[in-house]
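In: Model the following, please.
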Amino acid sequence: MVANLSISTSVTVLSPIFIIGEVISDEMLRLVGQCSRFLYHIGRICRLSNDIVTSDREERSGKMASSIGCFMKDHPGSTKAEAMAHLQGLIESSTRELEWQLFELKGIVPDSVIRALINFGRTMALLYKNSDGFNSVSDRGLEQLLMDFLYKPLP
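Out: Next up, the predicted model:
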């Protein structure tokens, strides 16, 4: 089994909910906090998305400690394309589960908290769309794309 959460996911995802002005109860933290299914799926999406887009660079630098390498080791004879397809399927499965979680949390967790958490996941999906978003300084349009993505109203 591949690690689903990076070491910083819970801190990064949960920090904004404490500054948005909502009272956060212990029950809410149980539902969206560190050991919740909600955070598990956000972390899984981020981790696997990162592994998919950084795999070539990491392979060139001699690092194969990613979910792609683990899949290929666990499934001898499998190709990198098969591993990536499998991981993409896991990402899609977690995305569907997150949508279900939104319905379960409606009315229990304030919409502003849910929105903050979902926006983190959306931002990570955008960052990891073509690159890891952090090591690709040549991507000058990324900052504007993020600003539009998060702040520009829909038509």
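
In: Could you use CA atoms for every contact and neighbour count after this?
Out: Noted.

In: how near is the residue nearest to residue 36 when sequence neighbours are not counted to residue 49?
Out: Spatial nearest neighbour of residue 36, excluding adjacent residues (CA to CA, 6 or more residues apart in numbering): residue 30 at 6.3 Å. Separation of residue 30 from residue 49 (CA to CA, to the nearest Å): 25 Å.

In: can you check residue 13 too?
Out: Taking CA to CA, one finds residue 13 at 16 Å from residue 49.

In: Check residue 111 too.
Out: Applying CA to CA, the value for residue 111 to residue 49 is 26 Å.

In: between these two, which one's more packed in?
Out: Neighbours were counted for residue 111 and for residue 49 using other CA atoms under 10 Å; residue 49 has more, 25 against 14.

In: Surely that one and residue 128 touch.
Out: Yes: with contact defined as CA atoms under 8 Å, residue 49 reaches residue 128; the gap is 5.9 Å.

In: tell me what the one helix or strand residue 56 maps to is packed against?
Out: Using DSSP states H and E, residue 56 falls within helix 37-60. Helix 37-60 is packed against helix 9-14, helix 26-32, helix 67-74, helix 80-105, helix 111-127, with contacts defined by 3 or more CA pairs under 8 Å, 6 or more residues apart in numbering; DSSP states H and E.

In: Redo these as TSV? Include distance to residue 41.
Out: Shown next, in TSV, are these (distance: least, CA to CA, whole Å):
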stretch	distance to residue 41
helix 9-14	11
helix 26-32	11
helix 67-74	15
helix 80-105	5
helix 111-127	9
